[in-house]
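Colleague: Let's see this in three dimensions:
(chains A and B)
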Amino acid sequence: MIVVKMKQDTDDFFLKKYSREKIALLISGKASFIALCSLIVIFSFSAHNFFSLSNLTNILDLSAILLLTSTAMTFVLMLGSIDLSVEGIAGLTGIVGALMVKNFSNSNDYGLLSIIICILIGAIFGLLNGIVFTKLKIPSFMTTLGLGAVATGVGILVTRGYPVIITDQSIRGLALTKLLGGVIPLLFVIAITINLLIWFVSERTILGRHVIAIGGDEAIVKDLGIKIDLVKIIVFAISGAMFGLAGMLLVARLGAGDIKNSIGLLFDAVAASLIGGIAITGGIGKIPHAAIGAITLTILRNGMVLLGISPYIQQGVVGTIIILTVAVTIERKKIGVIK
Amino acid sequence: MKKIQFKKSNIDLTKLLPLVAVITLFTFFSLRNSQFLGLYNIGNILDFANTYFIAGIGLTFVILIGSIDLSIGAMISLDTIIFIIMINALGFWAYPIIIVIGIALGLFNGVVLMRLKIPSFIVTLGSSGIFMSLALIFSGAGPIGLVPKQLHTLSFLTARIGPFTVNHLLGLILFIVFQIIQNKTVFGKTVYAVGHSEVTTKLSGLPIMRTKLISFTISGLCTALASIVIVSIMLSAAPSTGPPYMLLIIATVVVGGTSLSGGIGGVYNTLLGSLLLSMLRNGMNVIGINIYYQQIIYGAIIIAAVSLTLDRSKIKIVK
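Modeller: As a prediction, the model looks like this:
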């Protein structure tokens, strides 16, 4: 009895009477969609160029790579972990990929094969992340920070820090091709296909259900005898592979492989996942929300530009939105202690 | 049983490891190249260590309570820019102003954490965006240099007596002050208690939120002081100044033996960590290791250090 009373008391410490949980429950799953729709309406009325076909194409094109990284980030966040190595891995694979296709630095010409190599390199780093994280029991935050730095270091080492300019038309074509009469960018099609694929994995396969279960309550899942380490390693390998692909697609868009290509990917990927309504504590959220988050963030940036808002304050606006989103969606009861 | 014994020996090793590493590196580099012990080179090592140590003190307290401050990079950008603008306009008045601003930025993080009750990771990730925006607005997205007539306001900080400068004296004073705060005050004891077990500390009736607020405020203050040191060396500031410091400041704290899970380590460890990283960086150059390998070595060392210093008996689930 005393124990129960004490438990209630401690719960009361972390919960307030008006319970943000109730608000979160009301709009959970719908918050990101509501935000996206209202943003579209607001910008359509305030920025006169916003609601046009060319701007729509523009938005889809800009959101493609973010969609890819935020899908991977969301999958990791659903575990309750985080992957900070996106900038390192994408930077490294961008350079390696650029060196493998037709470029100004050497005489290689492996064409689209380079994409597979990039995905493999990303997967190897992701695998390394997963193994160090689960076997050495270092929090994923530190593991991926450290291995991300290693990947960046290898990327700098490969070209001594110089960018590699590519001339390969098949790779450039990935970013320049627009389907359906120049409306839907190919990059976006690739990204949304992978997003749906990961959605299928998370909803319809054993691996996916285990991921959600681990994010929900790891201690119980452990007692049930599920191979937690294996699930985590696979998820980190998948996210690494997707970061690797994102690195090569960045090269396709920018026309050069450079370690600095990937700067800013991390902030955006985490922001898009959180705006999409993924709880940082794991177990909440669905993969398509990452797509909604990525498109919302892109529309936010695009609309702010069309409205003529200074680019300097845009990062501040996004930062504020991250804090507010998490404040609404986080499950305080589950994490108990806020670190 | 075997596992438990392994952990015990591991913790003993943890306490000695950073000191042993500092001494080993020092001996190794001195033997490989006598120039390593030259006065000018010692000054270089101290300059580098000093900046990271001062910024690291604040982060040490934040990490001791089990939180993290990811906004230090953006804070350095904002602080250095405001500092140089203020020096150009007001001269010596810039010093008190930048200290107040540093405290305000740290307080902002702490208050958001306290009022919204969300993880420090998110708070500081979000606030780093806000600080970076402010830095871009104030600087116009470009570098700002010191006007020559205000040079005397900063030059005394880098005046050399042997290998030492006034900056190093600032580092030493901060070390003594925060060592006392950490070991002799109620606040310092509470920091360790919160790091060890927040729930127990709360049930004991100690002011948890106030402790967190003060920790984040100290982080803001120390970042401002580190910004003064950075500006005194570089004599300019830009929005891109801060972010490269972020990873290395976390590394400084962690490599010294302060555990990311909270409650273990302290200011003394951060001092060792800063000396270790600075000697490593300087020594690798002195004995001629290719600069392109350095980022890789840093990344590997962070992981190695965390795997040695992490107290795994305390956290059952590693996220």
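Colleague: what phi and what psi does the backbone show at A:Ile184?
Modeller: The phi/psi pair for A:Ile184 (degrees, to the nearest 10) reads phi -100, psi 120.
Colleague: That one: neighbour count?
Modeller: If you count neighbours by other Cβ atoms under 10 Å in any protein chain shown, A:Ile184 ends up with 17. Using the backbone N, CA and C atoms, a C-beta is placed for each residue, glycine as well.
Colleague: The stretch 101-250 of chain A: helices as residue ranges?
Modeller: Per DSSP state H, counting those that start in this stretch, the stretch 101-250 of chain A carries helices over the ranges A:113-135, A:140-159, A:169-176, A:179-182, A:186-204, A:206-216, A:218-223, A:228-254.
Colleague: any low-confidence regions in the chain?
Modeller: Unless you meant another one, I'm taking chain A. In the predicted model, chain A carries pLDDT under 70 at residues A:1-31, A:279-284, A:329-339.
Colleague: sorry, should have said chain B
Modeller: By pLDDT under 70, the low-scoring segments of chain B are B:1-15, B:309-319.
Colleague: can you tell me the residue of chain A closest to chain B?
Modeller: Per Cβ to the nearest Cβ, A:Gly319 is where chain A lies closest to chain B, at 2.4 Å.
Colleague: Can you tell me the SS state at that residue?
Modeller: Recorded secondary structure, A:Gly319: helix (DSSP: H, G, I helix; E, B strand; the rest coil).
Colleague: residue of chain B with the smallest distance to chain A?
Modeller: B:Gly129 (2.4 Å).
Colleague: circling back: export the helices of the stretch 101-250 of chain A to CSV and tack on mean neighbour count and distance to chain B?
Modeller: Shown next, in CSV, are these (neighbours: other Cβ atoms under 10 Å in any protein chain shown; distance: least, Cβ to the nearest Cβ, whole Å):
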stretch, mean neighbour count, distance to chain B
helix A:113-135, 21, 6
helix A:140-159, 25, 3
helix A:169-176, 17, 26
helix A:179-182, 10, 34
helix A:186-204, 18, 18
helix A:206-216, 19, 10
helix A:218-223, 14, 5
helix A:228-254, 25, 9
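Colleague: sorry, back to before: got a list of what the residue of chain A closest to chain B touches?
Modeller: Going by Cβ atoms under 8 Å, 6 or more residues apart in numbering or on different chains, A:Gly319 touches B:Leu125, B:Gly126, B:Ser127, B:Ser128, B:Gly129, B:Ile130, B:Met132, B:Ser133.
Colleague: Considering these, which possesses the most neighbours?
Modeller: Neighbour max across the contacts of A:Gly319 (other Cβ under 10 Å) = B:Gly126, 30 neighbours.
Colleague: That one: helix or strand, and which one exactly?
Modeller: Per DSSP states H and E, B:Gly126 falls inside helix B:120-139.
Colleague: what about the closest residue to B:Tyr192 other than its chain neighbours, which SS state?
Modeller: Spatially, and ignoring its direct neighbours in sequence, B:Tyr192 is nearest to B:Gly263 (5.6 Å; Cβ to Cβ, 6 or more residues apart in numbering or on different chains). State at B:Gly263, reduced to three classes by three-state DSSP: coil.
Colleague: Closest to the centroid, which residue in the chain?
Modeller: You didn't say which chain, so I picked chain A. A:Ser70 (1.8 Å; Cα atoms, centre = their mean).
Colleague: look at chain B instead
Modeller: B:Gly56 (1.4 Å).
Colleague: which stretch of helix or strand covers that residue?
Modeller: Residue-wise, B:Gly56 maps onto helix B:39-64 under DSSP H and E.
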